[in-house]
Structure formats: C-alpha cells, structure tokens
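J.: 3D, please:
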Amino acid sequence: MSQPDLFAGCLEDRFRRFHEQNPHVMTELVAEARVLKRIGQDHYSVYALFQVLRWRHIRTTGSDFKLNNNLQPFYARKMMDWYPDLRGFFETRKRTAA
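T.: Now for the predicted structure:
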C-alpha cells in the first residue's frame with residue numbers, strides 16, 4: 001500500500017498530513033523554543049529552528065523533504081496556539097493563501 005502524497009492539496013492540508021506522520025517534529029521544535037525562552041530570548045525564528053533540526057539529522061516519513069520550508073508558518077502558528085508559553089515568540093505575516 002502506497003503512502004498518501006503529503007504534498008498534494010492546500011498548504012494547511014499538507015501540514016496536517018505531515019504533522020500526523022511526524023509528531024516528533026513539533027515536539028522537537030517546542031523543546032528548542034522553550035530552551036531559547038529559558039535563556040532569555042523573547043522571540044526567535046522558526047526558520048532557524050528548522051535548521052537546528054536539520055543539523056541534528058531529524059528523521060521524517062512520507063516526503064522527499066525532511067522538513068519542507070513551506071510548513072514553517074504552520075508550525076510557528078500552531079506552536080503559539082497550542083502552547084501558551086510560546087505565544088508571541090514567533091513573528092508571523094498575515095495569511096493570504098490556504
């Protein structure tokens with residue numbers, strides 16, 4: 001049985017499918033963001049956190065891309081929505097597309 005194409009459909013659907021198959025990515029991003037907050041960072045770049053995960057050779061499934069840059073805004077928004085201690089930690093632009 002083949003895996004679903006994680007990168008078909010709108011970006012939000014892509015994020016949802018990727019996150020379902022790779023929940024450890026969110027866990028790692030949140031952990032890194034919390035370390036930064038603990039040492040005094042008021043805000044940070046989700047792009048930079050993606051680079052940290054890439055540097056650590058994080059493993060993901062269902063995609064040729066380990067961490068697709070198109071998913072960064074979704075991770076930043078979800079982290080700030082789901083984890084009150086991270087609200088305002090990432091700067092996001094107004095969303096214009098799905």
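
J.: run through the neighbouring helices and strands of the longest helix along the chain.
T.: Counting by DSSP state H, the longest helix found in the chain is helix 23-38. Judged by 3 or more C-beta pairs under 8 Å, 6 or more residues apart in numbering; DSSP states H and E, helix 23-38 is in contact with helix 11-21, helix 46-55, helix 72-82. C-beta: built from backbone N, CA, C; applies to glycine.

J.: and Val30, which of those is closest to it?
T.: Shortest distance between Val30 and the helices and strands packed on helix 23-38, using C-beta to C-beta, is found for helix 72-82: 5.9 Å.

J.: only the buried residues of the closest one, if you could.
T.: 72-76, 78-80 (16 or more other C-beta atoms under 10 Å).

J.: same question, stretch 30-44
T.: Result for stretch 30-44 [16+ other C-beta under 10 Å]: buried residues 30, 32-33, 36, 44.

J.: adding distance to Thr92, write the helices and strands packed on helix 23-38 out as TSV.
T.: Putting the helices and strands packed on helix 23-38 into TSV (distance: least, C-beta to C-beta, whole Å) gives the following:
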stretch	distance to Thr92
helix 11-21	14
helix 46-55	9
helix 72-82	6
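
J.: out of those helices, flag the one nearest Arg93.
T.: helix 72-82 (7.5 Å).

J.: list the contacts of that closest one.
T.: 11-12, 15, 19, 25-26, 29-30, 33, 46-47, 50, 86-90, 92-93, 95 (C-beta atoms under 8 Å, 6 or more residues apart in numbering).

J.: give me the angle between that helix and helix 11-21.
T.: Orientation check (axes from the mean of the first three to the mean of the last three C-alpha atoms, to 10 degrees): helix 72-82 against helix 11-21 gives 70 degrees.

J.: residues contacting Glu32?
T.: Per C-beta under 8 Å, 6+ apart, neighbours of Glu32: 49, 52-53.

J.: oh sorry, the question was meant for Arg87
T.: Met80.
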